[in-house]
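Enquirer: Provided below are the primary sequence and the corresponding predicted coordinates.
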Amino acid sequence: MSDTAMLRVAGLTKTYSLGTSWLSRLTSRASGTLKALDGVDLHLCRGEILALVGESGSGKSTLAKILVGSTAPSGGEVRYRGEAAPARRDKESSRRVQMVFQDPYSSLNPRLTVGAMLAELLLLHRVVPRREVRAESIRLLNLVGMEADVLSAYPSQFSGGQRQRLAIARALAVRPDVLIADEPVSALDVSVQATILELFASLRAELGVSILFIAHNLAVVQHLADRVAVMYLGRIVEVATTAQLFAAPRHPYTRALIDSIPRMTEASVNDEFELDGEPPSPYDVPAGCRFHPRCPLASEICVANDPPLLPVGPAHESACLKAGELALIPLPDTPQEHR
Amino acid sequence: MSQGSSDVISSTGIAPADEPASTAELSRGGVPLLSVQDLSIGVRLPGGRTVSIVEGVSFDVDPGQRMGIVGESGSGKSLTLRAVAGLLPKPVEVLSGRVEYGGTDLLTMPAKRRRALMGPEIAMIFQEPMSALNPVMRVGDQIAEGPRRHLGLSAKEAGELAVSMMARTGIPDPVRRARAYPHELSGGLRQRIMIAMAVSCGPRLLLCDEPTTALDVTVQLQVLRLLERLCADTGTSLVFVTHDLAVVNQTCSELAVMYAGNIVESGRVKEVFRQPRHPYTRGLLESAPDFDRPDRELVPIPGFPPNVADRPSGCPFAPRCGYVRDHCRQSMPPLAEVAPGRQAACFESSRLTEVLA
């Protein structure tokens, strides 16, 4: 079977079992398992920036950990270019998928110079022969907009934005096909965020690297991503192209997220879909549709059925039984030509 | 019994019913509720040298006004707020200036009197509720602590007030939740507990230090709505520190923009965002993605803020500024009126007249 996707996951689950200790058996919460991921289907195309959004506890970071191979899934499979990824990653398969973390203050080793950090990776993975390590390091730094003079500096000598550049250079050192960026700009100042977003866009254009961009700031996502996947309580509830998702969301949770974005334009502020309550805990996923307790459109069928992710339009999937009904409720400032 | 609890608040003279009178009284005399004058905050080094982090900041907050302070990390926005609350982390201290509350300087007031104001008059909400709440005390008792101490309520009355406050902040099942410990609650609920705690004594000034930064976007909206409603109901003034321009836009009426320890621009939020008169404000607006204008190109501000211990002479923004001229590097532009109700600290402000759509 030929697969055009760079990375594909199907039916991915990750459960953590609880209540094995005598202490948790004494407390009332010993309900068994925490479902961090509950059947995730998703693919990342070559050279694509796919954004993954969702509230804390929705499983975004667990998915990222499984994709880079630092955590093994409980079920389902991860396919890399159509081939199943080994449960225990070898050096080659771990090279292909690299990660950029949220906090550049804790993700860089404070006791390694920039040069030593890059050289270690280049040598370990035999990316280039020893005599070319310096030239390759400089090439990497130039790629992220830095100069050769930083090779002998330590991470503490850099600002947050510069550190994030270094973290990206480190991820690129082993020439990965996929970058997983877990909230890479949310620890940075507003004026610096734009430069890092620009960098991701240029890396995709120049290197053709595929990027899974995990974020909670939807304005950032809208600016950068080609497609967006929305996660809720361990499952993808909607996937669509960025323009389509924001113009015509087909899952009420997506709609609520969009309505919750703080706006700069007075006219677009809207609370029609303001949610009550908070995300339920993954210890205790509601029966039926996992979103029904907070959903303004929920009815009995939503309590009785757990909707799968189904196509609702071209390149648009939603896991909502009321997707058709939702489509009839227009966004307040949606231009009319969208309908 | 919640009816009884609200009567208790009225008797202390800080209930909504009494608010209009005192507000009118204050505004008649032209005295703002909070007046920060030429406030400098910094560290005194051994040997008499001082390093100032905040330099000569002045602003007024009128009764019922909602003021936002925005700036990047290290701009001094949180320290300014903490100086008002008297909660500066050691060894940082106020170097000079005045913080007047209702016409009285808080800084020269005896510590005991100042502490007595915290709660019934001035209250603060922090970014991280987990570190602001006592982990080994039930949340209901934590909310009740202030009313017992400041309003002289009995344990029973204060407990009932706590439950009614929790109900008012939208906590479902408040009677049961009052017996919970902070770790048993979600981030949004903890933030509501902190808000309930802050407003339990009916303060007239609420200081908020990035209260929604740690929250998810749907919960953020709920908390902002809650603050808005509480302030509208009781006429409480708000000073809201954040780095998120869109949050300020939805929460505040007035705005001060801080950069490297100075206020560089202030005015009404709508006007400042429509037509920024300081290059830094303009840079912030152009570098942040705006959900309503997805196709607009982001323009990052080049460089990064100066180290406070080693500020350049002249305007601290000059090295990053696109409008810079020679005189900007020589002297610091004062915060001056550039239009009615609008202030900017920029020599070249008259060149910034473009209206951002």
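Expert: Done, it's in.
Enquirer: In contact with residue A:54, which residues?
Expert: When contacts are counted by C-beta atoms under 8 Å, 6 or more residues apart in numbering or on different chains, residue A:54 touches A:60, A:216, A:230, A:231, A:232. (Glycine included, C-beta is placed from N, CA and C.)
Enquirer: Neighbours of the residue nearest to residue B:126 when sequence neighbours are not counted, how many?
Expert: What sits nearest to residue B:126 in space, not counting adjacent residues and going by C-beta to C-beta, 6 or more residues apart in numbering or on different chains, is residue B:132, at 4.3 Å. Neighbours of residue B:132 under the rule other C-beta atoms under 10 Å in any protein chain shown: 19.
Enquirer: List phi and psi for residue B:132.
Expert: Main-chain torsions, residue B:132, degrees, to the nearest 10: phi -100, psi -20.
Enquirer: Ok, residue B:299 next?
Expert: Residue torsions, per degrees, to the nearest 10, at residue B:299 are phi -120, psi 100.
Enquirer: Look up how far chain A lies from it.
Expert: To chain A, residue B:299 is 7 Å away according to C-beta to the nearest C-beta, to the nearest Å.
Enquirer: Disregarding flanking residues, what is the spatial nearest neighbour of that residue?
Expert: Residue B:299 sits nearest to residue B:286 (C-beta to C-beta, 6+ apart), 4.3 Å away.
Enquirer: when you scan stretch A:227-241, is anything in it near chain B?
Expert: No: if you take C-beta under 8 Å from any C-beta of the partner chain as the test, stretch A:227-241 misses chain B, and the best it gets is 10.6 Å.
Enquirer: Any buried residues in that stretch, and which?
Expert: Across stretch A:227-241, burial judged by 16 or more other C-beta atoms under 10 Å in any protein chain shown covers A:227-241.
Enquirer: need the contact list for residue A:316.
Expert: Applying C-beta under 8 Å, 6+ apart, the residues near residue A:316 are A:238, A:239, A:240, A:241, A:244, A:245, A:250.
Enquirer: switch to 6 Å and redo it
Expert: A:240, A:244 (C-beta atoms under 6 Å, 6 or more residues apart in numbering or on different chains).
Enquirer: neighbours of the nearest residue to residue B:311 once chain neighbours are set aside, just the number please.
Expert: Among residues not flanking residue B:311 along the chain, residue B:260 sits closest, at 6.5 Å (C-beta to C-beta, 6+ apart). Residue B:260 sits with 23 neighbouring residues when counted by other C-beta under 10 Å.
Enquirer: Residue B:260 touches residue B:305, doesn't it?
Expert: Yes: here residue B:260 reaches residue B:305: they are 5.4 Å apart, a contact under C-beta atoms under 6 Å.
Enquirer: Between the two ends of stretch A:233-250, how far is it?
Expert: 17 Å (C-alpha to C-alpha, to the nearest Å).
Enquirer: one step back: by contact count, what packs against the strand or helix carrying the residue nearest to residue B:299?
Expert: Using DSSP states H and E, residue B:286 maps to helix B:279-287. When contacts are defined as 3 or more C-beta pairs under 6 Å, 6 or more residues apart in numbering or on different chains; DSSP states H and E, helix B:279-287 packs onto helix A:190-207.
Enquirer: From the contact counts, what lies against the helix it packs on?
Expert: Using 3+ C-beta pairs under 6 Å, 6+ apart, helix A:190-207 sits against helix B:279-287.
Enquirer: Let's see stretch A:72-92 as CSV, backbone CA atoms only.
Expert: C-alpha atoms of stretch A:72-92 as CSV (Å, rounded to 0.1, in the frame of the first residue of the first chain):
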residue,chain,number,x,y,z
ALA,A,72,5.1,3.7,23.5
PRO,A,73,1.4,3.7,22.6
SER,A,74,-1.0,1.3,24.3
GLY,A,75,-2.7,0.4,21.0
GLY,A,76,-3.0,1.4,17.4
GLU,A,77,-0.1,2.1,15.1
VAL,A,78,2.3,4.8,13.9
ARG,A,79,3.2,4.6,10.3
TYR,A,80,6.2,6.5,8.9
ARG,A,81,6.0,6.9,5.1
GLY,A,82,3.7,3.9,5.0
GLU,A,83,5.9,1.7,7.1
ALA,A,84,5.0,0.8,10.7
ALA,A,85,7.4,2.4,13.1
PRO,A,86,9.1,0.0,15.4
ALA,A,87,7.8,0.0,19.0
ARG,A,88,11.3,0.7,20.2
ARG,A,89,12.9,3.2,17.9
ASP,A,90,16.4,2.6,16.5
LYS,A,91,18.8,5.4,15.8
GLU,A,92,17.6,5.9,12.3
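Enquirer: Identify the residues contacting it?
Expert: A:3, A:7-15, A:66, A:69, A:93.
Enquirer: now residue B:56, nearest residue through space, not along the chain?
Expert: residue B:38 (4.9 Å).
Enquirer: Where does that neighbour sit: helix, strand or coil?
Expert: strand (DSSP: H, G, I helix; E, B strand; the rest coil).
Enquirer: Contact partners for it?
Expert: The contact partners of residue B:38, by C-beta under 6 Å, 6+ apart, come to B:56, B:58, B:97.
Enquirer: Quick check: the gap between it and chain A.
Expert: Applying C-beta to the nearest C-beta to residue B:38 and chain A gives a distance of 27 Å.
Enquirer: Can you name the residues that contact the residue in the stretch 201-339 of chain A that chain B sits nearest to?
Expert: Using C-beta to the nearest C-beta, the single residue of the stretch 201-339 of chain A nearest to chain B is residue A:262, 3.5 Å away. With contact set as C-beta under 6 Å, 6+ apart, residue A:262 has these partners: B:246, B:247, B:250.
Enquirer: Pick the one among those closest to chain A.
Expert: Checking the contacts of residue A:262 against chain A by C-beta to the nearest C-beta gives residue B:246 as the nearest, at 3.5 Å.
Enquirer: now that closest one, nearest residue through space, not along the chain?
Expert: Closest to residue B:246 by C-beta to C-beta, 6+ apart is residue A:262, at 3.5 Å.
Enquirer: May I have the predicted confidence score for the one you found?
Expert: As summarised for this prediction, residue A:262 has a pLDDT of 89.
Enquirer: and residue A:6, what helix or strand is that in?
Expert: Following DSSP H and E, one finds residue A:6 within strand A:5-17.
Enquirer: Repeat that for residue B:208.
Expert: With DSSP H and E as criterion, residue B:208 is part of strand B:205-209.
Enquirer: and residue B:177, what is it in contact with?
Expert: Here residue B:177 is in contact with residue B:171 (C-beta under 6 Å, 6+ apart).
Enquirer: quick one: the longest helix seen in chain B near chain A?
Expert: Using DSSP state H, we find that the single longest helix of chain B is helix B:217-234. Yes: for helix B:217-234, a contact with chain A is found by C-beta under 6 Å from any C-beta of the partner chain, at B:217, B:218, B:219, B:221.
Enquirer: just so I have it, where are all the strands in the stretch 1-150 of chain A?
Expert: Shown for the stretch 1-150 of chain A, the strands assigned by DSSP state E, counting those that start in this stretch span residues A:5-17, A:33-45, A:49-53, A:75-80, A:83-84, A:97-100.
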